[in-house]
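In: Kindly return the folded structure for what I paste below:
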Amino acid sequence: MPGIDVNQLWTPARAIPSPQADQKAPVTNVRGGRYGEQYVMSLVPTKHLLADEGSYFIATTVTPGTGQAYNIQAAFLDTAPLLYVQNNDSKANPFGKRMYLDYIKLICTVVPATATGVRFAIKTDPQLRTLSTNNTLALTPTSPNSDVATQSVCSVNAQNSATVSVLTASSGSARVVANASMGGIPVVGEEMVLVCGTADPGPYPGLTAAEAVCPGRRVSCIPPVILGPNSALTLYTWFPGNATTGLSFELEMGWWER
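Out: Residues are numbered from 1 along each chain as shown. Coordinates of the predicted model:
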């Protein structure tokens, strides 16, 4: 239309600008940041919009209520992760997607009976690794949006045997990006959750008399974890002092790809 400027312009405004009344107002500039980004207020303050566009994925234990066996692991071991994730997109692809880890949840089905604690660590590696001894179960990533059939660029393998799997050693460029502790021995039915990029959940409150028999939820906040194309992520879980019974668990994890 003549006289209408169709170019979208915005003005840097770190402070809150003056409000406008709910009526037809003259064309005004959009509020922006000093690095050229546009301020946007979402009406949906959760990750539903990521699921709506088809970029959010989950992977879970195949049969709910049935645990996966884990080998007896009393110390950190680079070649024996509980979970191995691979971003299969190509580094050469100009439209290659990164994986943004959201959370990882383990539900205890068999207790590591002689353990004195619960530890977690996550590594990322710009080089892919190989399962030379594979006792894992491949979990199929899926969208929680029933209306889309977008395919994930990631593959997910979780340990599924009391016999340890063997992964090739991490490269010299690998990084430890998360390190977490969750107190004493879990009980059957307890959830152990790693949440990325937030400090909102409260700390683990420690062992109580009720905790000894009643499953709860332990949450540890870890840094944002991002996995680039053709790269690998490993989750390590170990139980100091454990020597008799390995953990069995159900797994659920969520992430988005953009």
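In: from here on, contacts and neighbour counts on C-alpha atoms
Out: OK.
In: What segments of the stretch 51-200 of the chain are strands?
Out: Along the stretch 51-200 of the chain, counting by DSSP state E, counting those that start in this stretch, strands occupy 56-60, 68-69, 83-87, 99-110, 119-125, 131-133, 136-139, 154-159, 166-167, 175-181, 191-196.
In: Just put those in TSV and tack on distance to residue 17.
Out: As requested, the strands of the stretch 51-200 of the chain are arranged in TSV below (distance: least, Cα to Cα, whole Å):
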stretch	distance to residue 17
strand 56-60	34
strand 68-69	54
strand 83-87	42
strand 99-110	32
strand 119-125	41
strand 131-133	55
strand 136-139	48
strand 154-159	42
strand 166-167	54
strand 175-181	38
strand 191-196	32
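In: Please produce CSV containing those, extended by mean pLDDT, distance to residue 230 and mean neighbour count.
Out: Below are the strands of the stretch 51-200 of the chain laid out as CSV (pLDDT from 0 to 100; distance: least, Cα to Cα, whole Å; neighbours: other Cα atoms under 10 Å):
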stretch, mean pLDDT, distance to residue 230, mean neighbour count
strand 56-60, 98, 18, 22
strand 68-69, 97, 27, 23
strand 83-87, 98, 5, 23
strand 99-110, 97, 11, 21
strand 119-125, 98, 9, 20
strand 131-133, 97, 16, 13
strand 136-139, 98, 18, 19
strand 154-159, 98, 9, 22
strand 166-167, 98, 16, 18
strand 175-181, 97, 15, 15
strand 191-196, 95, 21, 21
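In: Minimum distance to residue 227: which of the ones you listed has it?
Out: Go through those one by one with Cα to Cα and the one that ends up closest to residue 227 is strand 99-110, at 4.9 Å.
In: Show me what that closest one is packed up against.
Out: strand 191-196, strand 225-227, strand 248-257 (3 or more Cα pairs under 8 Å, 6 or more residues apart in numbering; DSSP states H and E).
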